[in-house]
Structures are given as C-alpha cells and as structure tokens.
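1. Here is my input; please provide its structure:
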Amino acid sequence: MIENTFFDNQKLSSKIKANIISEYFPSYCKIIVNKYMPKQLRYIDLFAGPGIYNDGKYSTPILIANKCFEDQFLKENVKLIFNDNYFHESLKNNFLSKFPDKSFKYRPHFGKSTVGENENIRTFLTKNTHNENKKNDYPSLLFIDPFGYKGIETKTLAKFLENWGNEIFLFVNTKRIHPALENEKFEDLMIDLFPSTLDKIKNDRKYKSNVSERLSLIIDSLGKEYETLLKSKVYYPATARILSRGA
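-> Here you go, the predicted model:
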C-alpha cells in the first residue's frame with residue numbers, strides 16, 4: 001500500500017507543501033484576529049500522517065505545532081485537530097514525544113476515522129460556528145492532502161467555507177483523477193468531487209491535448225463548483241490550492 005511507503009522518505013514536493021502551510025498558518029491567524037478576536041483558532045488536518053518521516057524529517061503536523069509552540073499567542077489560542085485512519089497511533093506518539101501533554105492551552109485532538117465515511121467529520125465540518133452577532137467564533141484552516149481523491153466531498157467543504165474566515169488547503173492527485181473519470185467504478189467518488197460539472201468535465205477533457213490543460217480543467221472545474229455552491233467568488237492560486245471566499 002502507498003500508505004506504507006509514502007512516509008519512508010520526504011519528497012521535495014511534500015517538503016514544499018509542508019513549508020507553505022506551516023509558514024502560512026501563523027499569518028492566517030494574525031489576519032483573522034486583526035478583524036475579530038474569536039474564542040478559538042483552529043488548524044484541521046484530515047489526512048495528517050505520522051508527523052515524522054522515517055528519515056527523520058518533520059511533516060506538516062509537527063511543523064505547524066512548532067510554529068504554535070514558539071508563539072505565545074498561538075500557543076494559547078490555537079486548537080490543533082488531526083485525523084488519520086492509518087497513522088493515528090504513530091502521529092500521537094510522535095507528537096507527544098515532542099510536545100508533552102499541556103504544551104498547549106487546548107489539548108490537540110487525534111482522530112482515527114476514514115474521511116468520507118464518518119458522519120461525525122461531516123457534521124463537524126458543516127457546523128455553523130457563527131455567534132448571535134454573526135461573527136465566527138472558531139475560524140479554521142483546513143488542510144486536505146489525501147493520497148488520491150477519496151473523501152473529498154465538495155458540498156461538505158463548501159459548507160465549511162460558509163463560515164467567515166475559514167479557508168481550505170486542498171491538494172488533489174490529478175494522475176488518479178484522470179483515469180477515475182473514465183471508470184464507472186469510481187463514479188460515486190467523482191460525483192462527490194464534481195457534483196454539478198462531472199458530465200461536462202468528462203466531455204471537455206477529450207479536447208485537452210496535454211497534462212497542463214487537463215490540470216487546469218480539473219482545478220477550474222473545482223473552483224466553479226465552489227462558486228456555484230457558495231454563490232460567491234472563490235479564490236485559488238495556480239499551484240498550491242488555497243480555497244477562500246471573497247469578502
């Protein structure tokens with residue numbers, strides 16, 4: 001299984017992603033509190049992995065925790081929420097060996113659920129976290145980096161983005177999506193990903209002659225899905241996919 005070997009050695013692409021997110025999160029928190037001081041800030045990672053590669057390199061959970069631990073404000077105001085159905089115990093052990101209990105004001109959560117199959121995750125992500133003054137008391141940065149595409153439910157994630165300040169780092173494996181679009185076995189998973197544009201993507205991809213064009217088709221189609229569901233502009237850069245609503 002890919003899960004058994006992926007964390008043997010950190011690849012350059014994984015290092016870049018982890019660095020982008022760990023550097024971005026503190027800035028995200030500062031932007032949020034400059035506009036409104038919530039009850040709690042949250043970092044959510046649904047496919048967290050073990051936190052440390054077998055070669056000793058840190059992955060996103062440990063890097064994010066380091067940033068929070070080194071900043072007194074983040075240390076006292078951030079809730080770290082991790083989930084991994086395969087590396088749950090390894091992540092917890094690796095994390096607590098570096099950050100013992102009570103290192104943070106809010107005890108980190110270590111979930112062990114299969115994303116896309118657990119209703120509690122779906123309920124948590126779609127919950128309205130605004131107070132009576134229409135302020136979001138729990139602004140959250142959600143990181144989703146699965147090995148493929150299973151568990152990416154666009155309607156659920158769009159609901160998550162309805163809460164002010166929430167953002168998503170979403171990475172998709174286009175090499176797996178392309179063949180899945182042509183295989184009826186994966187039809188339900190593709191509908192989760194492209195609930196309203198799947199038929200159009202299947203048709204349009206026939207006219208895309210290279211990988212770059214097909215990549216753009218997938219990303220642009222995802223963007224349109226969110227804009228349709230949210231009825232507002234959604235911003236996402238050309239490389240690492242950060243989804244956020246227009247203010």
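2. quick one: contacts for Phe69?
-> By CB atoms under 8 Å, 6 or more residues apart in numbering, the contact list for Phe69 reads 75, 99, 103-104. The C-beta positions use only the backbone N, C-alpha and C, and glycine is treated the same way.
3. From those residues, pick the one nearest Pro179.
-> Among the contacts of Phe69, Phe99 lies closest to Pro179 (CB to CB), at 40.3 Å.
4. is it fair to say Phe169 lies in a strand?
-> Yes - counting by DSSP: H, G, I helix; E, B strand; the rest coil, one finds Phe169 located in a strand.
5. low-scoring stretches of this protein, by residue?
-> Residue ranges of the chain with pLDDT under 70: 1-6, 8, 147-149, 209, 237-247.
6. How about the residue in it that sits furthest from its center?
-> Tyr207 (30.4 Å; CA atoms, centre = their mean).
7. Please report phi then psi for that residue.
-> Here is the backbone geometry of Tyr207 (degrees, to the nearest 10): phi -100, psi 10.
8. residues touching Phe104, list them.
-> Phe104 sits next to 65, 68-69, 75-76, 78, 80 when contact means CB under 8 Å, 6+ apart.
9. Can you tell me the element it falls in?
-> Under the criterion DSSP states H and E, no helix or strand holds Phe104.
10. circling back: state the pair within the contacts of Phe69 that is farthest apart.
-> Farthest-apart pair in the contacts of Phe69 is Lys75 and Phe99; separation 10.1 Å (CB to CB).
11. any idea how far Glu89 lies from Val115?
-> According to CB to CB, to the nearest Å, Glu89 stands 18 Å off from Val115.
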